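Chemist: just the structure for this:
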Amino acid sequence: MKEMKCRGKSYSTGKWEYINLLDITEELDWEEETVGQDTGRKDRNGKEIYSDDLVICYTKDGEKVYTHPQIVEIPEWYNLIWDETNTEIVGNIHDNPELLK
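Modeler: Take a look at the predicted model:
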């Protein structure tokens, strides 16, 4: 059976916790707005990308673009290369809101 990995920030410790949803046996102590699901993608460093992460991608011309992994299909005109060798997690929308500006 496929894993359904999620993460959330603990109310009590303020740290990120990771869990397979199929393994939950008790109520989680997570801030609800921080819960994010694994996208099934990894960045160039092998880190799993979660739905609330912010990543850098590069265009075919080498231009750096900040984006959000929720983008499932990238329009051809956008000229992005989205693959594991060309993306890097730079933060997430909860810990690094300044990157959204």
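Chemist: per-residue confidence at the spatially closest residue to I93 that is not a sequence neighbour?
Modeler: Leaving out its chain neighbours, the residue that sits closest to I93 by Cβ to Cβ, 6 or more residues apart in numbering is D52, at 4.9 Å. For every residue, glycine as well, the C-beta is placed using N, CA and C. pLDDT, D52: 88.
Chemist: N92 now?
Modeler: N92 carries a pLDDT value of 91.
Chemist: and if you look at K5?
Modeler: You'll see K5 listed with a pLDDT of 92.
Chemist: hey, what's the closest residue to it other than its chain neighbours bridged with?
Modeler: Nearest residue to K5, sequence neighbours excluded (Cβ to Cβ, 6+ apart): D38, at 3.9 Å. On the basis of DSSP bridges, D38 is bridged to Y50.
Chemist: right, and D38 touches E48 too?
Modeler: Yes. Counting by Cβ atoms under 8 Å, D38 touches E48, with 5.4 Å between them.
Chemist: mutual contacts of those two, please.
Modeler: Listed as contacting both D38 and E48 by Cβ atoms under 8 Å, 6 or more residues apart in numbering are K5.
Chemist: what about the strands in the chain?
Modeler: 5-9, 16-20, 36-42, 48-50, 53-59, 64-67, 80-81, 87-92 (DSSP state E).
Chemist: and those: which comes nearest L100?
Modeler: Closest approach to L100 among the strands of the chain (Cβ to Cβ): strand 53-59, 7.4 Å.
Chemist: buried stuff in that closest one?
Modeler: D53, L54, V55, I56, C57, Y58 (16 or more other Cβ atoms under 10 Å).
Chemist: who's in contact with the residue lying closest to the fourth one once chain neighbours are set aside?
Modeler: Excluding its sequence neighbours, the residue lying closest to I56 (Cβ to Cβ, 6+ apart) is E88, at 4.9 Å. Residues counted as contacts of E88 (Cβ under 8 Å, 6+ apart) are D43, R44, N45, V55, I56.
Chemist: so the first one makes contact with E84?
Modeler: Yes. Counting by Cβ under 8 Å, E84 is a contact partner of D43 at 6.7 Å.
Chemist: cheers, nothing more for now.
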